[in-house]
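**Student:** sequence plus predicted model, see below.
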Amino acid sequence: MTESPAGYRRPRPGTQPGYDVPDYGSTRLRHPVRPLLRVPHGPTETTAPAMSPALYAPMPDMTRHAGGEAVGERIIVAGRVLDEDGRPLRGTMLEIWQANAAGRYAHPGDTHDAPLDPHFSGQARVFTDEEGWYRYTTIRPGAYPWGNHHNAWRPVHIHYSLFGAGFAQRLITQMYFPGDPLLPLDPIFNATPDAAARERLVARFDLGITQPNHALGYRFDIVLRGRAATPFEEDHPE
């Protein structure tokens, strides 16, 4: 009988958002009200589907769509995806989505009074290389109102979804930008109690990633399930 792979370490207290965050209104209706059950990691949690560029075509450039160029400030985002012991995760698929430069998503559910950009789809897909590096080009998104209270605005952010080597490494998170004045006011960003963990959600300007005469560069590294794990957007027990 084949031995099951070892399970993943649990996140340290304070590094993941709580289920019920009073300032984050919608958590009042959707958080669990009964004690949670911890399930030991078995093959279901320590394995995952094999995603590959042959099955899911990479889409690394969000600045061009439908025969035209998107409006807004071009940026390049790059970084490494590592496991809990600092080893690169090769061939990891990252799905990325965001609002356009005016702060509106190309989605029928977004009714924000801001213009849509016919040349910006707001979605990308990339894979990590042998050293765990990923890279894509996009437009810096805009802030937008979100109804948490009468004058609530989300900071500028980009959404990420990753499948690691196992389902227990599944990650859905957001990347923020340095110096955003909305960060101290945002209950989603501040739902993670640990200040150091919150800082891991903020990208860093990187001149080495910046492309001359084309786009500023930002670095955003992602660590799955380890001591320096990137906070989940919503943490769920396995």
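**Tutor:** Cool, the structure landed.

**Student:** tell me the buried residues in the lowest-mean-pLDDT helix or strand in the chain?
**Tutor:** Lowest mean confidence among the helices and strands of the chain (mean pLDDT, DSSP states H and E): helix 43-46, at a mean of 85. Buried residues in helix 43-46, defined by neighbour count with 16 or more other CB atoms under 10 Å: Glu45, Thr46. Bear in mind the C-beta positions are built from the backbone N, C-alpha and C, glycine included.

**Student:** tell me what that helix is packed against?
**Tutor:** With contacts taken as 3 or more CB pairs under 8 Å, 6 or more residues apart in numbering; DSSP states H and E, helix 43-46 sits against no other helix or strand.

**Student:** CA-only coordinates of it in CSV, if you can.
**Tutor:** Written as CSV, here are the backbone C-alpha positions of helix 43-46 (Å, rounded to 0.1, in the frame of the first residue of the first chain):
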residue,chain,number,x,y,z
PRO,A,43,-4.6,11.9,-0.1
THR,A,44,-7.5,14.2,-0.9
GLU,A,45,-5.8,17.2,0.8
THR,A,46,-2.2,16.4,-0.2
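
**Student:** run the chain-centre distance for the following helix or strand past it.
**Tutor:** Next in sequence after helix 43-46, counting helices and strands by DSSP states H and E, comes strand 64-65. Chain-centre distance of strand 64-65: 22 Å, with CA atoms, centre = their mean, to the nearest Å.

**Student:** what pairs with strand 64-65, parallel or antiparallel?
**Tutor:** Strand 64-65 pairs in its sheet with strand 68-69 (antiparallel), by DSSP bridges.

**Student:** the partner strand: how far from the chain's middle?
**Tutor:** 25 Å.

**Student:** run through who's touching it.
**Tutor:** With contact meaning CB atoms under 8 Å, 6 or more residues apart in numbering, strand 68-69 is reached by Thr63, Pro118, His119.

**Student:** also stretch 45-53?
**Tutor:** 4-8, 39, 91-93, 127, 163-170, 238.

**Student:** list the buried ones in that stretch?
**Tutor:** Glu45, Thr46, Ala48, Met51.

**Student:** for stretch 178-185, same thing?
**Tutor:** Asp180, Leu182, Leu183.

**Student:** so after the biggest strand by length in the chain, what's the next helix or strand?
**Tutor:** Looking across the chain with DSSP state E, the single longest strand is strand 74-82. On the C-terminal side of strand 74-82, the closest following helix or strand by DSSP H and E is strand 93-97.

**Student:** restricting to C-alpha, output that next one in CSV.
**Tutor:** Provided in CSV are the C-alpha atoms of strand 93-97 (Å, rounded to 0.1, in the frame of the first residue of the first chain):
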residue,chain,number,x,y,z
MET,A,93,-1.2,27.8,-12.4
LEU,A,94,-2.1,31.3,-11.2
GLU,A,95,-5.5,32.7,-12.3
ILE,A,96,-5.7,36.5,-11.9
TRP,A,97,-8.6,38.9,-12.2
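
**Student:** what's it packed up against?
**Tutor:** strand 123-127, strand 133-139, strand 157-162.

**Student:** pull up the pairing partners for that strand, direction included.
**Tutor:** strand 123-127 (antiparallel), strand 157-162 (antiparallel).

**Student:** and the first one, how far from the chain's centre?
**Tutor:** Relative to the mean C-alpha coordinate of its chain, strand 123-127 is positioned 12 Å out (CA atoms, centre = their mean).

**Student:** now it against strand 133-139, angle please.
**Tutor:** When axes from the mean of the first three to the mean of the last three CA atoms, to 10 degrees is applied, the directions of strand 123-127 and strand 133-139 differ by 160 degrees.

**Student:** switch the helices and strands packed on strand 93-97 over to JSON lines; also include distance to Arg87 and mean pLDDT.
**Tutor:** Output for the helices and strands packed on strand 93-97, formatted as JSON lines (distance: least, CB to CB, whole Å; pLDDT from 0 to 100):
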{"stretch": "strand 123-127", "distance to Arg87": "17", "mean pLDDT": "98"}
{"stretch": "strand 133-139", "distance to Arg87": "13", "mean pLDDT": "98"}
{"stretch": "strand 157-162", "distance to Arg87": "15", "mean pLDDT": "98"}
